[in-house]
Structure formats: C-alpha cells, structure tokens
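**Student:** the amino acid sequence is not available; the structure is as follows:
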Ligand code: PLP
C-alpha cells in the first residue's frame, strides 16, 4: 500500500517523529481492526500493549460513556466519584498502599523519580543517585529519558539529569558494583519491553530486592508495558515473590483511555510526596477514573490472568514452531502474552509485509518481532496469526 492524499496532508501537519505505516484504522472489534478501505486485520499489537480488553468492548464503552454524560472533569482540588474507587481497585490488584494518577506512563515515571528523591531528602540520607538498566525504556521526557539507556534517544537532549548509572540487566554483580552511599533507588522494567522483550530472571529480581533491603535503597518497578495482566499475573513482579517500594503503571490500565499511575507502599508514602510537592491537572479525573475502575473490575471478574496463563503455552508453541522452521528466526523469549522472536532479517520489513497480509505485529529493539496481543485472544486467533505470519516469513 501507498500513502494516500490524506496521509500526505497529515505528514505536513504533524511533527515528523514517527515513520507511520500507510494505513488508517477506523474501527475495532474484539481482536480485529478495520481500515478505511474496509480491510480486516488481526491485531497482535494492541496499540503497543494497551488494549488489553480488545477493541469496542461494549461494557467498557458503556461505562466510559455513562461517565462522560455525567461529568468529564473537575480538578484535583475536589474529590470525584470514580478516582477513589479506581484507586482502591488498583491497591487491591497490586497490594501497594497509595496511588497517584497521571496522564501517561512517562508522567508516572516522572512522579516515581520525584517520590524516590523526596523520600531520600526527607530521611536526610544525602542520597540522590539512581541505578537504571542497560536496554531500558521509561519514556521521552527529561526525567524518564534520563533513566532510559538508549543513546540515540538521549544524545540530542543532553545534558540530562546527573547521578544516573546503568547496570547490565539480569547481571546482579553489575548492579552490586554500582551501589554506593549516594544510591537512592534502583529502577527496572520487570520485563524489558522496547529493549527487546527480556524478562528479569528470578535470581536477578530477588537479588536486587535483597540488595535494596540491605542498603536501604528503594526498588522501583516499571510495569507500564508488562503489567495489567499481560504476563499472567496482574503485575509481572507477582511472579517473583518480591514486592517493589514504588511501581508505575499505564497502557492497559485504561485500555486506551489515557491514564497512568505511580504507586507506593505506606512506608515510602510516610516520608514522600506531601501537599505542594506534586500535581497534575487531568490526573485521576472522573473520565479516566471510570475507565480504570471498570477495567480492573472486568479483569478480575473475567479472571483475565487465568486466561493469559492458559493461552500462553499455545502461543509459545506456535512461535517456537516458526523459529524451528525459519533459519533467520533464532530465538523466542517472553512472559505470558508479552513475547519476542529474534529475527536476523529486517523486522520493519516483516511488520510491513504482515500488514499487507492483514496482521498487525510490531517490533522491539533492532531485531525482535514483538507479540503483545489483546489479552482476550483465543486459540483460533493464535492459529490465524501463525498462519499469516508463516505466509509472510515464507516471502522473506
Ligand atoms: N515505560 C515503559 C516500560 C514503556 O514501555 C513505555 C511506553 O512504551 C513507557 C514507560 C512510556 O509510557 P507512555 O508512552 O505512556 O508515556
């Protein structure tokens, strides 16, 4: 497919920060998308791990519609009827104690950086350094970018926040070597997403938790991509028998309604952000609160994590068969419905060809095909994906 005149006009109107695929999606239903030409696509991207409950879910749509008819927005100077229930539901799902709602994942990560700094400041520890991970992605704002280890994303915007060091992901000794009396927090994605789909090993995450306990350092987990049921637990860290001191969520938290959150334990909250320290105009307004509340209710009621656990081995088996069949596919890795296949042929070209075949898949890092479908997929959708992808790969 080619750029049509609307796409060309769009490119003139927007800041050119994305090289978009030449398709205009118009409608979604379940795990399928439809473009303006009426062509149907099986979606294994979910808007980059956002639309966990798929597209056009009648119950979620009705809940959001009901709230928008009642009240969209007031401000955080007042209470509203949905952000409290949404916060309670999120506390219950995570076992964390306090929630701050934001508008995006990036903003949630900005908040967690400030929460950790405030905790160290209040305790008069003199600590301010962060240890983050090689291959990390936490967002594009100056703070979130400062803990994102991706040279091309960082270089044009330097200098970034000082006092940040990068350890090798899944190498405990590398983290240990960077800890000093100034270390305030260690930040990682439980499953690295943009960096190429790398789940933390048990040994690593449990080891980092132990190091944090030993040295009075905060453990911060970014669950923006891997959280909200995606890996078969509501939050990926729940697989590991550890608990963070601060965590962030977004993406599937609103299943497409723009909302994020950072959460902390009471121990942190007691010594962290207080009135005047932090704020946001939109965060936790009635509109997004209704979405979060409904998403969490639906995921719990429909046992979404059980479903993910059930369907995952089937997806893994189908992907493994393709890795077996094609020489240029060299490995599969992932956790639950967050899977990556390492590919020695240009992954962007494969994603484009997949679109032609009516399949949406995206990439991660330079050489990984990423599979982050809506969590509601069934075996028939896995079969359809594998068939379509097989046809695409055969042409490569
Ligand atoms: N953290 C992780 C792990 C992410 O995958 C992303 C987005 O891709 C972000 C943070 C940034 O979130 P947002 O794009 O909502 O600002």
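**Tutor:** Cool, got the structure. Since the model is a prediction, treat every value here as computed from it, not as a measurement. Numbering: from 1, shown residues only.

**Student:** which residues of the stretch 201-350 of the chain lie near the ligand?
**Tutor:** The interface of the stretch 201-350 of the chain toward the ligand, taken as Cβ under 6 Å from any ligand atom, is made up of 222, 224, 225, 250. Where C-beta positions appear, they are placed from N, C-alpha and C, glycine not excepted.

**Student:** equivalent analysis for the stretch 1-150 of the chain, please.
**Tutor:** Counting by Cβ under 6 Å from any ligand atom, the stretch 1-150 of the chain sits next to the ligand at 48, 104, 105, 106, 109, 137, 138, 139.

**Student:** coming back round to it: just among the residues of the stretch 201-350 of the chain next to the ligand, which is most surrounded?
**Tutor:** Neighbour counts for those, by other Cβ atoms under 10 Å, peak at residue 222, which reaches 33 neighbours.

**Student:** tell me the contacts of the nearest residue to it once chain neighbours are set aside?
**Tutor:** Among residues not flanking residue 222 along the chain, residue 189 sits closest, at 4.6 Å (Cβ to Cβ, 6 or more residues apart in numbering). The contact partners of residue 189, by Cβ atoms under 8 Å, 6 or more residues apart in numbering, come to 133, 136, 137, 138, 195, 221, 222, 223, 224, 225, 226.

**Student:** next, give phi and psi for residue 189.
**Tutor:** When read as degrees, to the nearest 10, the backbone of residue 189 gives phi -80, psi 130.

**Student:** excluding chain neighbours, what is closest to residue 207?
**Tutor:** That would be residue 172: by Cβ to Cβ, 6+ apart, it lies 4.1 Å from residue 207.

**Student:** check the stretch 1-150 of the chain for the residue nearest the ligand and tell me.
**Tutor:** The ligand sits closest to residue 105 of the stretch 1-150 of the chain, with a gap of 2.3 Å, by Cβ to the nearest ligand atom.

**Student:** what's the burial count for that residue?
**Tutor:** Other residues close to residue 105 by other Cβ under 10 Å number 27.

**Student:** so it sits against residue 254, correct?
**Tutor:** No. With contact defined as Cβ atoms under 8 Å, residue 105 does not count as touching residue 254 (10.9 Å).

**Student:** just the contacts of residue 189: which are in strands?
**Tutor:** 133, 221, 222 (DSSP state E).

**Student:** spit out the contact partners of the first one.
**Tutor:** Spelled out, that is residue 133. Residues near residue 133 by Cβ under 8 Å, 6+ apart: 149, 166, 167, 168, 169, 187, 188, 189, 192.

**Student:** identify the bridge partners of it.
**Tutor:** Per DSSP bridges, the residues bridged to residue 133 are residue 167.

**Student:** could you list the low-pLDDT ranges of the stretch 1-150 of the chain?
**Tutor:** Where the stretch 1-150 of the chain drops to pLDDT under 70, the residues are 1.

**Student:** got the residue ranges for the helices in it?
**Tutor:** 5-13, 46-49, 58-70, 83-94, 105-122, 142-146 (DSSP state H, counting those that start in this stretch).

**Student:** check the ones you listed for me and report the most buried one.
**Tutor:** Of all the helices of the stretch 1-150 of the chain, helix 105-122 carries the top mean neighbour count, a mean of 23, counting by mean count of other Cβ atoms under 10 Å.

**Student:** so what secondary structure elements neighbour that helix?
**Tutor:** strand 98-102, helix 142-146, strand 183-189, strand 218-222, strand 246-249, strand 260-264 (3 or more Cβ pairs under 8 Å, 6 or more residues apart in numbering; DSSP states H and E).

**Student:** before we move on, back to that, if we ignore the residues flanking it in sequence, what's nearest the residue of the stretch 1-150 of the chain closest to the ligand?
**Tutor:** Nearest one to residue 105, counting by Cβ to Cβ, 6+ apart, is residue 250 at 3.4 Å.

**Student:** dump the residue contacts of that neighbour.
**Tutor:** Here residue 250 is in contact with 102, 104, 105, 108, 224, 259, 260, 261 (Cβ under 8 Å, 6+ apart).

**Student:** same thing but 10 Å
**Tutor:** Neighbouring residues of residue 250 by Cβ atoms under 10 Å, 6 or more residues apart in numbering: 49-50, 102-109, 139, 222-225, 227-228, 258-262.

**Student:** for the residue most central in space within the chain, what are phi and psi?
**Tutor:** Compute the mean C-alpha point of the chain, and by Cα atoms, centre = their mean the closest residue is residue 225, 1.5 Å away. The phi/psi pair for residue 225 (degrees, to the nearest 10) reads phi -90, psi -40.

**Student:** I figured it was touching residue 137, is that so?
**Tutor:** Yes. Residue 225 is within contact range of residue 137, at 8.3 Å (criterion: Cβ atoms under 10 Å).
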